[in-house]
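Participant: The sequence and its predicted three-dimensional model are supplied below.
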Amino acid sequence: MKSATMACIVGWGARTVVGLRAPPSAAAVRAGISRIVEHPYMVDKAGEPYRVALDRELDSHERLPRIRALLECVMGEVLEAAPLSPASKVFIFLALPERSRHFSQEHEDVLVAHVAMGLAGRCRPVIKSLALGDAAGAVAVQLAVEACASSGALCVVVGADSDIDADLLEELDCSGRLMSSENRWGFPPGEGAGALLIASPSTARSLKFSVLATIDGVGSAREPHPDGSDGICVGQGLTEAFRGALSRLDVRTEPIDMGYCDFNGERFREREYAYALLRMQPGMLRGPSRFVAPSDCWGHVGSATVPLLTGLVIASGMRQYARGPRALVWASSRGPTRGAVVVSLPPR
């Protein structure tokens with residue numbers, strides 16, 4: 001492993017509206033397939049059907065059971081090839097939605113218990129939940145890298161979210177955040193889950209894992225003036241997240257070849273990115289517009305964003321359509337959390 005490598009990604013999983021597993025999800029995004037459709041029976045304040053990315057395989061009409069089902073599916077996929085035993089200690093970092101009246105501490109506890117129950121008898125899970133929204137996955141990756149370095153144990157970063165809930169959709173619509181015929185700057189609500197199996201370089205070698213990608217930098221920060229606050233947001237949090245993620249690289253000789261981000265139609269995300277670029281070293285990106293933002297395919301996936309985007313990087317290496325070896329994955333939560341991860345592809 002090269003000296004910049006912090007940890008290795010040795011497994012992945014995904015459940016999205018465009019694919020029930022990781023490879024088909026990535027292939028659908030690559031093909032530009034969109035599953036944003038009219039809600040079968042719910043209408044917005046203008047009397048038109050909500051435009052949603054809806055997983056029709058899920059039976060429940062409430063947010064918590066949908067997130068629970070998504071987590072169960074993706075955890076099964078990411079651990080398929082893991083050599084687990086009842087004595088194996090595995091760290092689980094669970095990226096979840098931000099606190100609101102639609103997601104409480106009780107909801108968080110239910111999901112943690114559900115993940116623990118699903119792993120009972122397979123390993124000894126140590127679960128830490130992070131209710132931080134879109135950027136929660138980047139914080140989870142940061143904690144997983146630290147755990148790999150200190151313990152050598154396998155780590156799972158998993159995120160899941162769903163906007164498909166009647167009360168939540170109504171609130172988002174009333175606050176002017178949803179995409180509709182009357183709001184060009186809204187986002188398409190969606191749902192999904194993503195997971196990454198992470199190991200230290202030495203553990204990956206000893207267990208003879210095939211390395212899908214390496215984590216060569218990770219950064220997280222808090223934005224002092226997030227969207228909706230009283231202050232003016234000038235991208236300070238995202239800038240610090242970028243700097244943290246890129247601190248181990250010499251971007252003059254190791255620039256970022258492609259970006260993967262959570263742009264979804266909300267203007268604050270593009271503004272933050274523009275401000276952050278102005279502060280970064282010239283040449284950090286081979287092109288500031290070279291990024292993938294798949295919300296037009298699978299909708300807004302919230303706290304599943306970073307694991308799912310990282311999966312797209314992995315797929316680009318496996319299918320050999322990557323535009324270079326290094327990618328920067330980043331996300332901004334509605335609240336103050338910002339995060340970025342440098343993902344590098346192995347030679348093929």
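Facilitator: Everything's here; your move.
Participant: any low-confidence regions in the protein?
Facilitator: Across the chain, the stretches falling below the confidence threshold (pLDDT under 70) are 1-4.
Participant: Give me the outermost residue of it relative to its centroid.
Facilitator: Within the chain, the residue lying farthest from the chain centre (C-alpha atoms, centre = their mean) is G47, at 32.2 Å.
Participant: mind checking the SS state of that residue?
Facilitator: coil (DSSP: H, G, I helix; E, B strand; the rest coil).
Participant: what's the answer for I127, then?
Facilitator: Under the three-state scheme (three-state DSSP), I127 adopts strand.
Participant: What about it, how many residues nearby?
Facilitator: I127 is flanked by 17 other residues according to other C-beta atoms under 10 Å. To be clear about C-beta, it is placed using only N, CA and C from the backbone, and glycine gets the same treatment.
Participant: What's the separation between the residue lying closest to it once chain neighbours are set aside and L238?
Facilitator: Among residues not flanking I127 along the chain, I92 sits closest, at 4.4 Å (C-beta to C-beta, 6 or more residues apart in numbering). According to C-beta to C-beta, to the nearest Å, I92 stands 27 Å off from L238.
Participant: Just want to know which of the two has more residues nearby.
Facilitator: A count of neighbours by other C-beta under 10 Å puts L238 above the other of I92 and L238, at 29 against 23.
Participant: which residues in the stretch 1-150 of the chain form helices?
Facilitator: Under the criterion DSSP state H, counting those that start in this stretch, helices of the stretch 1-150 of the chain are mapped to 22-31, 63-78, 105-119, 136-151.
Participant: which stretch among the ones you listed comes nearest W298?
Facilitator: For the helices of the stretch 1-150 of the chain, the distance to W298 is smallest for helix 22-31, at 7.0 Å, taking C-beta to C-beta.
Participant: what's the closest of the helices of the stretch 1-150 of the chain to A204?
Facilitator: So among those, helix 136-151 is nearest, using C-beta to C-beta, at 9.4 Å.
Participant: Now the terminal residues of stretch 128-144, how far apart.
Facilitator: One end of stretch 128-144 to the other measures 10 Å (C-alpha to C-alpha, to the nearest Å).
Participant: Can you point out the buried residues in that stretch?
Facilitator: Neighbour-count burial for stretch 128-144, counted by 16 or more other C-beta atoms under 10 Å, picks out 129-144.
Participant: what do you get for stretch 235-252?
Facilitator: 235-246, 249.
Participant: Find the pair from the residues you listed with maximum spatial separation.
Facilitator: Q236 and L249 (21.2 Å).
Participant: Please, where are all the strands along the stretch 201-348 of the chain?
Facilitator: 213-222, 258-260, 291-292, 326-332, 337-344 (DSSP state E, counting those that start in this stretch).
Participant: what lines up beside the last one in the sheet?
Facilitator: I take that to be strand 337-344. Here strand 337-344 has these sheet partners by DSSP bridges: strand 213-222 (antiparallel), strand 326-332 (antiparallel).
Participant: Now render these as TSV, adding distance to L196 and mean neighbour count.
Facilitator: Formatted as TSV, the strands paired with strand 337-344 follow (distance: least, C-beta to C-beta, whole Å; neighbours: other C-beta atoms under 10 Å):
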stretch	distance to L196	mean neighbour count
strand 213-222	9	23
strand 326-332	11	29
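Participant: can you list those strands in TSV and add distance to M42?
Facilitator: Shown next, in TSV, are those (distance: least, C-beta to C-beta, whole Å):
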stretch	distance to M42
strand 213-222	35
strand 326-332	27
